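**Q** quick one: sequence and predicted model below, then my questions.
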Amino acid sequence: MAKLTKNKKEALAKLDKDKIYPISDAINLVKELTYTKFDASVDLNVRLGVDPRKANQMVRGTVALPHGTGKVVRVLVLCSPDKEDEAKAAGADFVGLDDYIQKIKGGWTDFDVVITMPSIMGKVGPLGRILGPRGLMPNPKSGTVTMEIGKAVEDVKAGKIDFKVDKTGIIHAAIAKVSFTPEKIAENAKELIQTIIKLKPPAAKGTYIKSIYISSTMSPGVQIEPKSATL
């Protein structure tokens, strides 16, 4: 654990764990409370009033963050030879098929997103036991199983992320880096929250957005007042 400086102690003293902060104040606090030497990720945790065990209350989708995530995303494209040039031109890091499938079967997962085509899913399906638990399995709903390979690669590289509610009813997403300006972090956060609101399942009853917390890789979570994140 990094040693707490006087400034960080003062920042921690400002954090009231029982308080709900306007989004701008919450973001400033997270920036103050982050004491890593590296450029930490900023994460948003949104607790929803849904029962994700029920298919009609599942919340999943994609969102193009206006300012990207700040993370270098390594993209693997598994495609037929006629699509390889399109994938490379769009900026894919790894492009191919059978050789990469064998590498993955051997335990290689040195990438962040897999994009493939509907006609290739028969070959990709058996990789589910390796890719699934790591959240890397391509899915038509997240736009990673598509004939528009080039566009999918460009979208991911530009900051499109996919998200889904976990079994405890929470959506976790990395939305920025601590080095981003507070305005850019807020715009990315609001874009994600608005998208989640649009995806509210008709079967969800009661309060939909139960709580929103923002944190960085090494900071405590700061609770955001939901209304301030939707204006």
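**A** Ah, there it is.

**Q** run the chain-centre distance for the longest helix along the chain.
**A** Ranked by residue count under DSSP state H, the longest helix found in the chain is helix 182-198. Per Cα atoms, centre = their mean, to the nearest Å, the displacement of helix 182-198 from the mean C-alpha position of its chain is 12 Å.

**Q** and the next helix or strand after it, what does it pack against?
**A** Next helix or strand after helix 182-198 toward the C-terminus (DSSP states H and E): strand 209-216. Helices and strands in packing contact with strand 209-216 are listed as helix 23-33, strand 41-48, helix 182-198, strand 222-224; criterion 3 or more Cβ pairs under 8 Å, 6 or more residues apart in numbering; DSSP states H and E. The C-beta positions use only the backbone N, C-alpha and C, and glycine is treated the same way.

**Q** one more time with 7 Å
**A** Counting by 3 or more Cβ pairs under 7 Å, 6 or more residues apart in numbering; DSSP states H and E, the packing neighbours recorded for strand 209-216 are helix 23-33, strand 41-48, strand 222-224.

**Q** partners of it in the sheet?
**A** When sheet partners are counted by DSSP bridges, strand 209-216 sits next to strand 41-48 (antiparallel), strand 222-224 (antiparallel).

**Q** using TSV, lay out those strands together with mean pLDDT and distance to residue 169.
**A** Rendered in TSV, the data for the strands paired with strand 209-216 read as follows (pLDDT from 0 to 100; distance: least, Cβ to Cβ, whole Å):
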stretch	mean pLDDT	distance to residue 169
strand 41-48	96	5
strand 222-224	96	16
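
**Q** any idea how far residue 206 lies from residue 57?
**A** As defined by Cβ to Cβ, to the nearest Å, residue 206 lies at a distance of 12 Å from residue 57.

**Q** one more: residue 22?
**A** Applying Cβ to Cβ, one obtains 29 Å for the distance of residue 22 from residue 57.

**Q** which one's more surrounded, these two?
**A** Between residue 22 and residue 57, counted using other Cβ atoms under 10 Å, residue 57 has the larger neighbour count: 19 against 14.

**Q** the more buried one touches residue 48, doesn't it?
**A** No. The criterion here is Cβ atoms under 7 Å, and residue 57 misses it with residue 48 at 8.7 Å.

**Q** before we move on, back to that, which one of the strands paired with strand 209-216 lies nearest to residue 95?
**A** strand 41-48 (26.9 Å; Cβ to Cβ).

**Q** can you give me the strands in the protein?
**A** Taking DSSP state E, the strands of the chain run over residues 41-48, 60-64, 75-78, 94-96, 113-116, 160-164, 170-177, 209-216, 222-224.

**Q** residues in contact with the last one: which ones?
**A** The reference is to strand 222-224. Residues from elsewhere that reach strand 222-224 (Cβ atoms under 7 Å, 6 or more residues apart in numbering): 15, 20-21, 23, 26, 29-30, 211-215.

**Q** any weak-confidence spans in the protein?
**A** Low-confidence regions of the chain, defined by pLDDT under 70, span residues 1-5, 7-8, 11, 231.

**Q** can you tell me the centre-most residue of it?
**A** The centroid of the chain falls nearest to residue 173 when counting by Cα atoms, centre = their mean (3.7 Å).

**Q** what sits against the closest residue to it other than its chain neighbours?
**A** Excluding its sequence neighbours, the residue lying closest to residue 173 (Cβ to Cβ, 6 or more residues apart in numbering) is residue 163, at 4.8 Å. With contacts defined as Cβ under 7 Å, 6+ apart, the neighbours of residue 163 are 60-61, 171, 173.
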